[in-house]
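A.B. asks: Next comes the sequence, and after it the predicted model I'd like to discuss.
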Amino acid sequence: MKKSVVIVLFLFIVFPYLGSQEEDLIMIDATINPRRLSKENEGKVVLKLRVKEGITINPQPSFTIELSPSEELVFSKNFFTASDFEIEIAEEEGKEHLVLTKQIEILFTVSDEAVKGTHSLEGKIKYFAYSKTENWCLKTTTSFTASFYTR
């Protein structure tokens, strides 16, 4: 009986904590402009980031944005770092963090072999988050998707 009570208490105490560590610490609003694209046109992926309250994003190790391969969109490379976008670094209480208040824009060209129709671009941001209040650091990833149409 005591063993089952201990197990139940363990489940109620530990699992909610583990689940809270899984939530995204950065919310990403990803769009493609313009939404309707023609072959060989240029456009941009626009990422608007919101960092969860009480969390900062460390500049080191690298903050990276990775894009999944796309047959329709051609990028200069498949991953980017904070320095590629000249993201500001601020210092607070002796610790550096990225200032992610400005939108991030990634330029592309539409492939001349793009298939007509609706598509989606997938990507992810890898980063190190720091909690000021709880004094922890976590390496994590947040994924995003943006849809677009080629004609």
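C.D. replies: Cool, got the structure.

A.B. asks: Neighbours of Ala90, how many?
C.D. replies: 11 (other CB atoms under 10 Å). (Glycine included, C-beta is placed from N, CA and C.)

A.B. asks: so which helix or strand takes in the residue nearest to the spatial centre of the chain?
C.D. replies: Closest residue to the average C-alpha location of the chain: Ile125 at 3.3 Å, with CA atoms, centre = their mean. In this structure, Ile125 sits in strand 117-131 according to DSSP states H and E.

A.B. asks: and that strand, how far out from the chain's middle?
C.D. replies: 4 Å (CA atoms, centre = their mean, to the nearest Å).

A.B. asks: ok, now stretch 70-81?
C.D. replies: On CA atoms, centre = their mean, the centre of stretch 70-81 falls 15 Å from that of its chain.

A.B. asks: check contacts around Ile26.
C.D. replies: 49-52, 57, 100, 125, 127, 129, 142 (CB atoms under 8 Å, 6 or more residues apart in numbering).

A.B. asks: Take those residues and keep only those in strands.
C.D. replies: 49-51, 57, 125, 127, 129, 142 (DSSP state E).

A.B. asks: so can I have a markdown table of the residues you listed showing pLDDT and distance to Thr150?
C.D. replies: Formatted as a markdown table, the ones in strands among the contacts of Ile26 follow (pLDDT from 0 to 100; distance: CB to CB, whole Å):
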| residue | pLDDT | distance to Thr150 |
| --- | --- | --- |
| Leu49 | 97 | 26 |
| Arg50 | 97 | 29 |
| Val51 | 96 | 33 |
| Ile57 | 97 | 33 |
| Ile125 | 97 | 25 |
| Tyr127 | 97 | 31 |
| Ala129 | 96 | 35 |
| Thr142 | 97 | 26 |
